[in-house]
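S.K.: below is the sequence, then the predicted model.
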Number of protein chains: 2
Amino acid sequence: MSKTSLIQDYKTACSNCHLRELCLPVGLSPDDLQKLNNIVKTRQPVLKGEKLFTEGDEFNSLFAIHTGFFKTSITATDDGREQVTGFQMTGEIIGLDGIVNDLHTCNAIALEDADVCVLPFENIELLSREFPALQRHMHKIMSREIVRENEVIMLLGTMQAEERLAAFLLNLFQRSHMRGFSKSEIVLRMSRQDIGSYLGITLETVSRTFSKFCDEGIIEIKQRYVRIIKPEALKEIFNPNKSCQ
Amino acid sequence: MSKTSLIQDYKTACSNCHLRELCLPVGLSPDDLQKLNNIVKTRQPVLKGEKLFTEGDEFNSLFAIHTGFFKTSITATDDGREQVTGFQMTGEIIGLDGIVNDLHTCNAIALEDADVCVLPFENIELLSREFPALQRHMHKIMSREIVRENEVIMLLGTMQAEERLAAFLLNLFQRSHMRGFSKSEIVLRMSRQDIGSYLGITLETVSRTFSKFCDEGIIEIKQRYVRIIKPEALKEIFNPNKSCQ
DNA sequence: CGCTTATTTGAATGTCCTCAATCACCGTGG
DNA sequence: CCACGGTGATTGAGGACATTCAAATAAGCG
């Protein structure tokens, strides 16, 4: 075994990856866990601004984000309109949209330098047949994505700008906090344009709404640095009619 | 074997169901196909207006629509806002959102009298481990739902009212036509309120936009009956900048 | 046939968008 | 080190599209 492959084996082994609880928390015995290491083919770097995959690319693998931050987007076939469909961080899986037609139907772009674990889908299906716990986990991951998108649809269908931005911030901070970062401070990895696209509003409205929150003492914001001063106020904006029920 | 169970076996057998190509088109040998019949537990009627499941219900099964038409919706936790997340017709599978937390996270309501096949999820997982073709099919169904929701997000995030309604009509007619119905005529099963909720606009805007399409000779509409006169015009509205690219 | 609900249409209002200018930041090169 | 250009973000003013509120009409259901 070459030195290179030894290093790679070490680097890509799920069994001793500190992200496993986030990424593949299937309850397996230590022996079975070794087999799970076969699920990862390689670790692949993606530089900031680079595309991991694009609409129309052949689908072979899912990707688990080891480090870094991505956005996914789709573009209207005819005019060039872009719609950001999500932001993904450490431990999250991207590429699920590609399974149905063996083609990726969205773009995944790194918003900071990243490393992803390449999970060949054939491996996943093979191992899923062997390990019910892994099978169940894959089903849950897909279902979770469906539920997440349901929530985005709700946001886009019923909320106005301030509510959308409050929901966005709360969600981002919650996920960031789950990964061991501060509950109150964050550095946004995406532009105002990206936020606006995701929330179905213009970048100017994003900026104006941030400023409004700032004036009201709810957040502190300087460019991409955000600090939450009054989380309750954000939750109140997110659920405006709470007291009316 | 009692007469009842014989009838049920006959009624719910996938192997001789005329919808199989729509619902479970997995390439299996006749012998294997017999085993697939075990996937369906029962056939269950749902009357118009009844709920098949509700947010918070325990999740046990997916449902395949045998006959009928459903809407799925979610409601904001605090105020009562409803967001319609989709309309489902014959051959489509509902309930995928429930897998992740073993709880349904949306409501499924019959918009006309319906029959659904109850597919216990444990059966699906068991048979999926045995039949790679079924496993692959289930993955594709979930991925398809993710892609569908991506398209809804695009619609809600970037399109204006006329485009949304054009996209809605084209999608509905296409799916209806795939099931052997007319390419140009349809009877809507849902209210203007439901359409508006799905498209993120008010019922008044739905009505006004229908009237506008009517004035322009693109469609003919009388209450819930719709006839498409100029499908190209609808496609043009859906893709406004086609000629500019 | 009468009641209830769904749909259509109108007028006024409001939220967000568009267009435009200014400002802040970051990296580059002088 | 600082000036410079480019990109990203903020802010303002006017306008457009969709909403809200309201009334009238039509349709479905007992």
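M.R.: Arrived safely, thanks for sending.
S.K.: what number of residues are in the vicinity of A:R227?
M.R.: 12 (other Cβ atoms under 10 Å in any protein chain shown). The way it works is simple: take the backbone N, C-alpha and C, and place the C-beta from them, glycine included.
S.K.: identify the bridge partners of it.
M.R.: A:E185, A:E220 (DSSP bridges).
S.K.: read off the pLDDT value for it.
M.R.: Per-residue pLDDT puts A:R227 at 97.
S.K.: and chain A, which of its residues are near DNA strand D?
M.R.: A:191-193, A:203-204, A:206-208, A:210-211, A:221, A:223-224 (Cβ under 7 Å from any atom of the strand).
S.K.: ok, A:K235 touching A:L169?
M.R.: No. When contacts are counted by Cβ atoms under 8 Å, A:K235 is not listed as touching A:L169 (10.3 Å).
S.K.: more neighbours: which of those two?
M.R.: With neighbours defined as other Cβ under 10 Å, A:K235 and A:L169 compare such that A:L169 has more, 24 against 14.
S.K.: if you drop the residues flanking it in sequence, what lies closest to the more buried one?
M.R.: A:L234 (6.1 Å; Cβ to Cβ, 6 or more residues apart in numbering or on different chains).
S.K.: just the element for the one you found, please.
M.R.: Assigned by DSSP states H and E, A:L234 falls within helix A:231-238.
S.K.: close to DNA strand C, is that helix?
M.R.: No. Figure legend: helix A:231-238 not in contact with DNA strand C (Cβ under 7 Å from any atom of the strand); closest approach 11.5 Å.
S.K.: who are the packing partners of that helix?
M.R.: helix A:161-178 (3 or more Cβ pairs under 8 Å, 6 or more residues apart in numbering or on different chains; DSSP states H and E).
S.K.: and A:F181, how many residues sit next to it?
M.R.: 15.
S.K.: and it, how far is that from chain B?
M.R.: 24 Å (Cβ to the nearest Cβ, to the nearest Å).
S.K.: surely that residue is in a strand?
M.R.: No. Counting by DSSP: H, G, I helix; E, B strand; the rest coil, A:F181 is not part of a strand but coil.
S.K.: one step back: list of residues touching the helix holding A:L234?
M.R.: Applying Cβ atoms under 8 Å, 6 or more residues apart in numbering or on different chains, the contact partners of helix A:231-238 are A:162-163, A:166-167, A:169-170, A:173, A:184, A:213, A:216, A:218-219, A:228, A:242.
S.K.: do stretch A:13-27 as well
M.R.: With Cβ under 8 Å, 6+ apart, stretch A:13-27 has contacts from A:30, A:33-34, A:36-37, A:39-40, A:64, A:66, A:90-93, A:117, A:131, A:133-134, A:136-137, A:179.
S.K.: what's the ChimeraX line that selects buried ones from those residues?
M.R.: Entered in ChimeraX, the line below selects the buried ones among those, by 16 or more other Cβ atoms under 10 Å in any protein chain shown:
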select /A:33,36,39,40,64,66,90,91,92,93,117,131,134,136,137
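S.K.: need the contact list for the residue nearest to A:T54 when sequence neighbours are not counted.
M.R.: Distances taken as Cβ to Cβ, 6+ apart place A:N107 nearest to A:T54, at 5.0 Å, with adjacent residues excluded. By Cβ under 8 Å, 6+ apart, the contact list for A:N107 reads A:K51, A:F53, A:T54, A:E55, A:T72, A:S73, A:I74, A:T75.
S.K.: closest to DNA strand D among the residues you listed?
M.R.: A:S73 (14.7 Å; Cβ to the nearest atom of the strand).
S.K.: and the closest one, backbone torsions?
M.R.: The phi/psi pair for A:S73 (degrees, to the nearest 10) reads phi -150, psi 160.
S.K.: give the rounded mean pLDDT of the lengthiest helix in chain A.
M.R.: Looking across chain A with DSSP state H, the single longest helix is helix A:132-158. In this model, helix A:132-158 has an average pLDDT of 96.
S.K.: mind checking if it is in reach of chain B?
M.R.: Yes. Applying Cβ under 8 Å from any Cβ of the partner chain, one finds helix A:132-158 in contact with chain B at A:132, A:135-136, A:138-147, A:149-154, A:156-158.
S.K.: what comes up buried for that helix?
M.R.: A:134-150, A:152-158.
S.K.: for the residue lying closest to A:I201 once chain neighbours are set aside, list the residues it contacts.
M.R.: Spatial nearest neighbour of A:I201, excluding adjacent residues (Cβ to Cβ, 6+ apart): A:A161 at 5.2 Å. For A:A161, the contacting residues are A:L199, A:I201, A:T205, A:T209, by Cβ under 8 Å, 6+ apart.
S.K.: can you name the residues bridging to the spatially most central residue of chain A?
M.R.: The C-alpha lying nearest the average C-alpha coordinate of chain A belongs to A:Q88 (Cα atoms, centre = their mean; 1.6 Å). A:Q88 has these beta-bridge partners by DSSP bridges: A:F70.
S.K.: doesn't A:F69 make contact with it?
M.R.: Yes. The criterion here is Cβ under 8 Å, and A:Q88 meets it with A:F69 at 7.3 Å.
S.K.: now do stretch A:216-228: distance from first to last residue.
M.R.: 12 Å (Cα to Cα, to the nearest Å).
S.K.: from DNA strand D, how far off is the residue nearest to A:H177 when sequence neighbours are not counted?
M.R.: Distances taken as Cβ to Cβ, 6+ apart put A:K183 closest to A:H177, at 4.8 Å, once the chain neighbours are dropped. Note on A:K183: its distance to DNA strand D, by Cβ to the nearest atom of the strand, to the nearest Å, is 22 Å.
S.K.: where does A:K183 fall, phi/psi-wise?
M.R.: The phi/psi pair for A:K183 (degrees, to the nearest 10) is phi -80, psi -20.
S.K.: on that earlier part again, angle of the helix holding A:L234 against helix A:161-178?
M.R.: Helix A:231-238 runs at 130 degrees relative to helix A:161-178, counting by axes from the mean of the first three to the mean of the last three Cα atoms, to 10 degrees.
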